[in-house]
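Novice: fold the following for me, if possible:
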Amino acid sequence: MNHPFALAIHGGAGTISPALMTPEKELAYQAALRESLEVGYAVLRDGGPALDAVELAVRSLEDNPLFNAGRGAVFTHEGHQEMDAAIMDGRNRAAGAVTGVRAVQNPIRAARLVMEKTDHVLLAYPGADELAREHGLPTQPAEYFFTEHRFEQLQEALLEGRMRLDHSQALAAEAPLEEPGAFPNEDPKKKMGTVGAVARDQHGNLAAATSTGGMTNKRYSRIGDSPIIGAGTFADNRTCAISCTGHGEYFLRAMVAHDISCLMEYRGLTLAEACRVVVHDKLAPVGGEGGLVAVDAAGNVALPFNSEGMYRGSFTESGLYIGIYKD
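Specialist: Reported below is the predicted structural model:
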């Protein structure tokens, strides 16, 4: 029996406004989102599994230097990349994740490798890179991950002695992360770069995948929410599939992805209602800026965010949608 199938993707959230975007850059983002949607949707249209659709959609975004994942990952304080990714299968809640990988071309492939070829859920550098090499996943030298734009971001952050979310305001070391409004001098170009995808296939199965380069100038092997199952990534056929983007520390503490699922399972909320409660009523008041993409067991899609904008898109049987700013 065929069911309604759907795909939704994101490429980061934050202060994204038309005034700060050139027409050429906007077209480039739209083209990249469209390509990711078309790649993933082709899998679903042909009866393929949701797991393949989200992996391929995310791989497309990882290969595009516009986004803070894979090839476009930001630099750490030491001048290299430390990338995180996670994938989850809604059929049985199998999951795999990697954190801190430095050489794998597509971290989402390494995450799936952990899920399917090991007894573990989360592997860190250097073991995650070692596993990827053992199984023949493509790796790249440091030059592959070098982009001038990201390098300039690192130099700015080093001069300030601060850590930055993708294109964000500086994060003062002395400012508690949980303090709302702790960073009043916001950079107007603030964006939080993570990519992700969720899907429901024709067999009624859900899947979610997320990938990120983390924060510019991050130190001490910092890990955000993206590779943490239940925080930045979650999928369960009974409820929904979720992939988040935003300030990871807030999403970690709120266990955002799993919280949405719980509101649906235990309180009977719809996907849209559960997303609204978590993104707007729980996260926003405490300064947790960002958003997510979601799909439920019936194929309904939600793309909520509490920031000024979010690179996002969906492809369902009713058509294709691509958005950047608030509608």
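Novice: quick check: closest non-adjacent residue to Ala294.
Specialist: Nearest non-adjacent residue to Ala294, counting by C-beta to C-beta, 6 or more residues apart in numbering: Ala302, 4.5 Å away. Using the backbone N, CA and C atoms, a C-beta is placed for each residue, glycine as well.
Novice: burial measure for the one you found, as a count.
Specialist: Ala302 is flanked by 24 other residues according to other C-beta atoms under 10 Å.
Novice: pLDDT at it, what is it?
Specialist: Note on Ala302: pLDDT of 98.
Novice: cool, and the one 5 residues further on?
Specialist: On pLDDT, Ser307 comes in at 92.
Novice: how many neighbours does it have?
Specialist: 22.
Novice: thinking it is in contact with Tyr250, fair?
Specialist: No. With contact defined as C-beta atoms under 8 Å, Ser307 and Tyr250 do not form a contacting pair (12.0 Å).
Novice: ok so, going back, the residue nearest to Ala294: what's it in contact with?
Specialist: Listed by C-beta atoms under 8 Å, 6 or more residues apart in numbering, the contact set of Ala302 reads 8, 271-272, 275, 293-296.
Novice: where does the stretch 151-300 of the chain dip in pLDDT?
Specialist: Scanning the stretch 151-300 of the chain with the threshold set as pLDDT under 70 gives 162-192.
Novice: mind listing the strands for it?
Specialist: 163-164, 170-171, 191-192, 195-200, 206-212, 233-235, 240-246, 290-296 (DSSP state E, counting those that start in this stretch).
Novice: nearest to Arg45, out of those strands?
Specialist: Distance to Arg45, taken as C-beta to C-beta, is lowest for strand 195-200 among those, at 11.4 Å.
Novice: what angle separates that closest one from strand 206-212?
Specialist: Compare the direction of strand 195-200 with that of strand 206-212 by axes from the mean of the first three to the mean of the last three C-alpha atoms, to 10 degrees and you get 180 degrees.
Novice: tell me the strands beside strand 195-200, with direction?
Specialist: Partner strands for strand 195-200, per DSSP bridges, with pairing direction: strand 6-14 (antiparallel), strand 206-212 (antiparallel).
Novice: out of the ones you listed, which gets nearest to Gly100?
Specialist: Gly100 sits nearest to strand 206-212 of all these, at 11.5 Å, using C-beta to C-beta.
Novice: can you give me the helices in the stretch 1-150 of the chain?
Specialist: For the stretch 1-150 of the chain, applying DSSP state H, counting those that start in this stretch gives helices covering 23-45, 50-62, 107-117, 127-134, 148-160.
Novice: nope, the stretch 201-327 of the chain is what I was after
Specialist: Along the stretch 201-327 of the chain, counting by DSSP H, counting those that start in this stretch, helices occupy 248-254, 256-267, 271-276.
Novice: what's the angle from the longest one to strand 195-200?
Specialist: The reference is to helix 256-267. Relative orientation of helix 256-267 versus strand 195-200 (the same axes, to 10 degrees): 30 degrees.
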